[in-house]
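**Student:** got a sequence here, can you model it:
(chains A and B)
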Amino acid sequence: MERERVFVVVIGTDQKGIIARVSTLLFEHGANIEDVQQKVMDGTFVMTMLADVSGCKVGLSGLRQGLEEVGAAMGLTVMVHNESVVKAMHRV
Amino acid sequence: MTISVEEAYETAGMILFHNFDIRAVTLGVNLKDLAHPDHLRLAEACRRRLSDLGSRLVREAGEVSEALGLPIVNKRLSITPASWLIEPCPEERAPLYLAQALDQAASEAGVDFIGGFGALVHKAATRADQRLMESLPQALGQTSRLCGFLNLASTAAGMNLDAIARLGHILKDMAAAAPLGIACAKFVAFANAPEDNPFMAGAFHGAGEGDCALNVGISGPGVVRAVVAKHPDCDLTTLSDVIRRTVFKITRAGEMVGRELARRLGVSFGVVDISLAPTTMIGDSVGRILEAMGLERVGAPGTTAALALLIDAVKRGGAMASGHVGGLSGTFIPVSEDLAMIEAVECGALTLEKLEAMTAVCSVGLDMFAVPGDTPAHALAALIADELAIGMVGNKTTGVRVIPAPGLKAGQAVDFGGLLGRAPVMALNPFSGEKFIARGGRLPAPIGALRN
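**Tutor:** Here you go, the predicted structure:
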């Protein structure tokens, strides 16, 4: 199967359990986390996870919905972008 | 090389905070093979093809948006200029039957607009062109999603003053054909109209196009404004570089969406139109970019120079990012669709004359502005002739989308709501060009057009 990877971008206020909850949901949906980065920028906590979603059981829309719900419960914004888009924008 | 957290955040932030989106995916559709003497048969065949293709466009665009994580705002169709389709029809009302069918197809497919109800009359009009021109008030007044255009001038052919003089009267009828003069908001008069423009109201599928082509209009005024605001003190060379780099990024995203959508639809990818297209959402304004550069208000001295810098930087970034940049690819400065432009008119900073000067360096023209409802037909025609002369001589596209606001005077405003926004009624120079317009004929092509 062709690999499909997405960037999960979590934006908001740093708090306990962000990585745990997001990674748990990704695991439950069959996604594989390949990279995690986090940083505070302009006073905002930002975490990115690069995840292989080729084996995702609920499809990308289901995964996005689940992640947005997890984010909303913690007062965070979660965006999901295909890796190819982010690479196209930032790499020649 | 790994994408950094800063880069991933920048992409997310463009969408989240600065209204970055794919403004329009427009599927151009050839209908020439459907031309038929029976106007009912022609209309039905067009409806079927467009309803089918439009439905697929809407469905696939939704899936691409979901898969890539980029919002696609508008899904649209553009067609072969409609006057060509009615050439064989003896029925005088053939354009109206076609207009209804096109509008119905757009409604069935769920696309927001369908463009191409127009004609290319820059040198002269055929009988079919004339019938279509005369049908415009009714056709656009009685439909909701149909957009019309006329190409009235070109650098190679000159300007058709007879058609422009007639258009003045047609515009008056068009303004009266629907509440608020809204039919006029769905019509553009062009010089050098591009055949692959994805933006409305002027999109059509030109003679040099294949059966289908997918064109993409990206939009990022908010993104550019944010990056300009982050550099309040740098010199203009540096500012140009900053804008160029940002536009490169958003164009790459637009091209990716276009190619993926074209692949899924099984059609050719046409062009990315890199125009900055504002909306009335706060921050999504071209005027605010100019103000962030250091102008107190749009229209202040320096505005034309600032716009020239902006559009040049946009083109540099866009051309580096995509091998197929086309359409209008300029900067849209519609009055009613840009909060900073509306404010500038209302506070007296921006006049119609200054707006016209600005269009000499952007590619779109006098867009979405209102004039008093009692403006005579010859004044509308003269206004259009002035603007199209800029395009004709400057070897560039210019257009006019003017709303003679019924019953309103300068200083009042007409509120269309939604994407079309609110247009303050602008004062027109009270002196007349009536005799000039009444001369008619064809303005010769500029000597600079002789390049072969």
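**Student:** just the strands in the stretch 251-400 of chain B please.
**Tutor:** With DSSP state E, counting those that start in this stretch as the criterion, the stretch 251-400 of chain B has strands at B:268-273, B:365-372, B:398-405.
**Student:** highest average neighbour count across the ones you listed?
**Tutor:** strand B:398-405 (a mean of 28; mean count of other C-beta atoms under 10 Å in any protein chain shown). Where you see a C-beta, it was placed from the backbone N, CA and C, and this is true even at glycine.
**Student:** which helices and strands does whichever helix or strand comes after it pack with?
**Tutor:** Reading on from strand B:398-405 to the C-terminus, the next helix or strand found by DSSP states H and E is strand B:413-417. For strand B:413-417, the elements it packs on are strand B:421-424, judged by 3 or more C-beta pairs under 8 Å, 6 or more residues apart in numbering or on different chains; DSSP states H and E.
**Student:** now the next helix or strand after the strand it packs on - C-alpha only, CSV.
**Tutor:** As assigned by DSSP H and E, the chain's next helix or strand after strand B:421-424 is helix B:434-438. What follows is helix B:434-438 as a C-alpha-only set of coordinates in CSV (Å, rounded to 0.1, in the frame of the first residue of the first chain):
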residue,chain,number,x,y,z
GLU,B,434,-21.3,62.0,-24.7
LYS,B,435,-20.2,63.3,-28.1
PHE,B,436,-17.0,61.3,-28.0
ILE,B,437,-18.8,58.1,-27.3
ALA,B,438,-21.5,58.9,-29.9
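**Student:** what average pLDDT does helix B:434-438 get?
**Tutor:** Helix B:434-438 comes out with an average pLDDT of 98.
**Student:** what's that helix packed up against?
**Tutor:** helix B:161-177, helix B:377-394.
**Student:** average pLDDT for the last one?
**Tutor:** Read that as helix B:377-394. Mean per-residue pLDDT for helix B:377-394: 97.
**Student:** could you pull out the buried residues of the longest helix seen in chain A?
**Tutor:** Ordering each helix of chain A by length in residues (DSSP state H) puts helix A:59-73 first. Using 16 or more other C-beta atoms under 10 Å in any protein chain shown as the test for burial, helix A:59-73 gives A:Leu60, A:Leu63, A:Arg64, A:Gly66, A:Leu67, A:Val70, A:Gly71.
**Student:** now do stretch B:332-350
**Tutor:** B:332-345, B:349-350.
**Student:** again with stretch A:74-86
**Tutor:** A:Met74, A:Leu76, A:Val78, A:Met79, A:Val80, A:His81, A:Asn82, A:Glu83, A:Ser84, A:Val85, A:Val86.
**Student:** now the residue in the stretch 51-200 of chain B that chain A sits nearest to. Nearest residue, chain neighbours left out?
**Tutor:** Nearest residue of the stretch 51-200 of chain B to chain A (C-beta to the nearest C-beta) works out as B:Gly69 at 3.8 Å. Using C-beta to C-beta, 6 or more residues apart in numbering or on different chains and skipping residues adjacent in sequence, the residue nearest B:Gly69 is A:His81, 3.8 Å away.
**Student:** is the one you found located within a helix, as I assumed?
**Tutor:** No: counting by DSSP: H, G, I helix; E, B strand; the rest coil, A:His81 is located in no helix; its state is strand.
**Student:** so what pairs up with it in the strands?
**Tutor:** A:Phe7 (DSSP bridges).
**Student:** any idea of the pLDDT on it?
**Tutor:** pLDDT, A:His81: 94.
**Student:** same question, B:Asp284
**Tutor:** pLDDT, B:Asp284: 88.
**Student:** which residues does it contact?
**Tutor:** By C-beta atoms under 8 Å, 6 or more residues apart in numbering or on different chains, the residues touching B:Asp284 are B:His18, B:Asn19, B:Ser219, B:Pro221, B:Gly222, B:Pro278.
**Student:** try it again at 6 Å.
**Tutor:** B:Asn19, B:Pro221, B:Gly222, B:Pro278 (C-beta atoms under 6 Å, 6 or more residues apart in numbering or on different chains).
**Student:** not counting its neighbours along the chain, what's nearest the third one?
**Tutor:** Among residues not flanking B:Gly222 along the chain, B:His18 sits closest, at 3.6 Å (C-beta to C-beta, 6+ apart).
**Student:** that neighbour contacts B:Val223, doesn't it?
**Tutor:** Yes: counting by C-beta atoms under 6 Å, B:Val223 is a contact partner of B:His18 at 4.6 Å.
**Student:** tell me which of these two has more neighbours.
**Tutor:** B:Val223 (28 against 20; other C-beta atoms under 10 Å in any protein chain shown).
**Student:** how close does that one get to B:Ile182?
**Tutor:** Separation of B:Val223 from B:Ile182 (C-beta to C-beta, to the nearest Å): 30 Å.
**Student:** residues near B:Leu136, how many?
**Tutor:** The burial count for B:Leu136: 27, using other C-beta under 10 Å.
**Student:** any low-confidence regions in the chain?
**Tutor:** You didn't say which chain, so I picked chain A. Where chain A drops to pLDDT under 70, the residues are A:1-2.
**Student:** correction: the question concerned chain B.
**Tutor:** B:1.
**Student:** near chain A, which residues of it are found?
**Tutor:** B:3, B:5, B:7-9, B:11-12, B:66-69, B:249, B:252-253, B:256 (C-beta under 6 Å from any C-beta of the partner chain).
**Student:** neighbour-wise, which one of these leads?
**Tutor:** B:Ala253 (28 neighbours).
**Student:** what parts of chain A come near chain B?
**Tutor:** A:7, A:9, A:37, A:39, A:46, A:48, A:60-61, A:79-82, A:85-86, A:88-90.
**Student:** which residues touch the spatially closest residue to B:Val345 that is not a sequence neighbour?
**Tutor:** In space, and not counting its chain neighbours, B:Val345 is closest to B:Pro424: 4.5 Å by C-beta to C-beta, 6+ apart. The neighbours of B:Pro424, taking C-beta under 6 Å, 6+ apart as the test, are B:Val345, B:Glu346, B:Ala413.
**Student:** recalculate using a threshold of 7 Å.
**Tutor:** Residues near B:Pro424 by C-beta atoms under 7 Å, 6 or more residues apart in numbering or on different chains: B:Ile342, B:Val345, B:Glu346, B:Ala370, B:Ala413.
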